[in-house]
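> model the following, please.
(2 chains)
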2 protein chains.
Amino acid sequence: MMNTYEYEDLEIGHKEEFSVTVTEDMLERFREITGDMNPFHRDDDFAVKHGFRSHAAFGMLTASFLSTMAGMYLPGEKSIIQNTEVKFMQPVYPGDRLTFCGEVAEKNDAYRVIRIKVSVKNDAGKKVLRGSMQIGFLAKG
Amino acid sequence: MMNTYEYEDLEIGHKEEFSVTVTEDMLERFREITGDMNPFHRDDDFAVKHGFRSHAAFGMLTASFLSTMAGMYLPGEKSIIQNTEVKFMQPVYPGDRLTFCGEVAEKNDAYRVIRIKVSVKNDAGKKVLRGSMQIGFLAKG
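Predicted coordinates for the structure are as follows:
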């Protein structure tokens, strides 16, 4: 289900949420897309040697779901992401279930753009990512 | 080939560059990972109706290659992206060949982190993305 919010439909404080489980298959597809063969994301010995539990997900893979937040949920169909900033706060491991929460933080009536605050928590309730997106709306076609 | 730069190896102004051609297959894999089924990225009629040449790549797909810039090139193996900000300046279409240029913009000796400025141009020489990443280094294992 894709939301179809227009600028006028959204008020500051409006929230949308979804959860995904990060899988090895997602890491593999992300590796195939980007060609990022960094051992931190595939080699447990390497990751453990550097103080991590095991190989970890790509930060930019977790960030990729901001596309889902904008394009499917907030605002959905009419979404055009103009810019985004993301802070990685904790490692994400394959098997982690992540909950993405987006909230309308600002509306700019002059430009008809919104700013969405995004917060991502793992199943332990730890915040793994904090970010925001400035999003415009496709003109009514 | 993966670079293995340590903090000490990098000077402000150090540049790394690579090019990729954005393919429909990449869009499909990104869709499979994220579940972002937004029609702007798959339906030409929808995209044209809203004033675009055809369906366009996901902005966050283009941004995914910042993972490649950090994890393979600058600094490569020891890279840990701490945060990133990205501005999308022009649409990217399947078939576009993109050149990613990363440059060390800042070094912080106290925290041993670097800031990489990233600029992405399409084959027409138009800047499609501008961004930066703050990157730390894995401890010597």
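> so which residues of chain A form helices?
With DSSP state H as the criterion, chain A has helices at A:24-34, A:44-49, A:59-68.
> looking at these, which is buried most?
Comparing the helices of chain A by mean neighbour count (mean count of other CB atoms under 10 Å in any protein chain shown), helix A:59-68 ranks first with a mean of 25. Using the backbone N, CA and C atoms, a C-beta is placed for each residue, glycine as well.
> ok, and does that helix reach over to chain B?
Yes - under the criterion of CB under 8 Å from any CB of the partner chain, chain B is reached by helix A:59-68 at A:59-61, A:63-68.
> ok, and what's touching that helix?
Helix A:59-68 is touched from outside by A:18, A:20, A:22, A:26-27, A:30, A:34, A:81, A:84, A:86, A:88, A:92, A:98, A:100, A:118, A:120, A:128-129, A:131, A:133, B:30, B:33-36, B:38, B:58-61, B:63-64, B:66-67, B:81, B:84, with contacts defined as CB atoms under 8 Å, 6 or more residues apart in numbering or on different chains.
> let's see it at 6 Å
Outside of helix A:59-68, the residues within contact range by CB atoms under 6 Å, 6 or more residues apart in numbering or on different chains are A:30, A:84, A:86, A:88, A:92, A:100, A:118, A:129, A:133, B:34-36, B:58, B:60, B:64, B:66-67, B:81.
> what do you get for stretch A:5-20?
Against stretch A:5-20 from outside (CB under 6 Å, 6+ apart): A:73-76, A:97-104, A:112, A:137.
> which regions of chain A lie under the pLDDT threshold?
Per-residue confidence for chain A (pLDDT under 70) gives these ranges: A:141.
> can you rerun that using 50?
Chain A contains no residues with pLDDT under 50.
> surely A:Arg130 and A:Phe88 touch.
No - using CB atoms under 6 Å, A:Arg130 is not in contact with A:Phe88; the gap is 8.7 Å.
> chain B contacts on chain A?
Selection of chain A residues close to chain B by CB under 6 Å from any CB of the partner chain yields A:26, A:29, A:33-36, A:38, A:49-50, A:58-60, A:64-68, A:71-72, A:81, A:83-87, A:138-139, A:141.
> re the thing from before, okay, A:Arg130 and A:Phe88: which has more neighbours?
A:Phe88 (21 against 15; other CB atoms under 10 Å in any protein chain shown).
> who are the contact partners of that one?
A:Phe88 neighbours (CB under 6 Å, 6+ apart): A:59, A:129.
> may I have the beta-bridge partners of it?
Under the criterion DSSP bridges, A:Phe88 forms beta bridges with A:Leu129.
> how close does it sit to B:Phe65?
Applying CB to CB, to the nearest Å, the value for A:Phe88 to B:Phe65 is 17 Å.
> what of A:Gly95?
Taking CB to CB, one finds A:Gly95 at 25 Å from B:Phe65.
> quick one: end-to-end distance for stretch A:37-47.
Stretch A:37-47 has an end-to-end distance of 13 Å (criterion: CA to CA, to the nearest Å).
> what ranges does chain A have for its strands?
Here chain A has its strands, by DSSP state E, at A:15-21, A:79-88, A:97-108, A:113-121, A:127-137.
> start and end of stretch A:31-43, how far apart?
Across its full length, stretch A:31-43 reaches 13 Å end to end, with CA to CA as the criterion.
> so what touches it?
A:46-47, A:55, A:58, B:26, B:29, B:64-65, B:67-68, B:71-72.
> repeat for stretch A:50-57
With CB under 6 Å, 6+ apart as the criterion, stretch A:50-57 contacts A:22, A:41-44, A:47, A:91-93, B:138-139, B:141.
> among those residues, name the buried ones.
Applying 16 or more other CB atoms under 10 Å in any protein chain shown to the contacts of stretch A:50-57, the neighbour count classes A:22, A:41-42, A:47, A:91-93, B:138 as buried.
> and these as CSV, adding distance to A:Tyr5?
What follows is the buried ones among the contacts of stretch A:50-57, written out as CSV (distance: CB to CB, whole Å):
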residue, distance to A:Tyr5
A:Val22, 27
A:His41, 34
A:Arg42, 38
A:Ala47, 40
A:Pro91, 33
A:Val92, 28
A:Tyr93, 33
B:Leu138, 41
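> of those residues, just say which sits nearest to B:Ala124.
A:His41 (32.6 Å; CB to CB).
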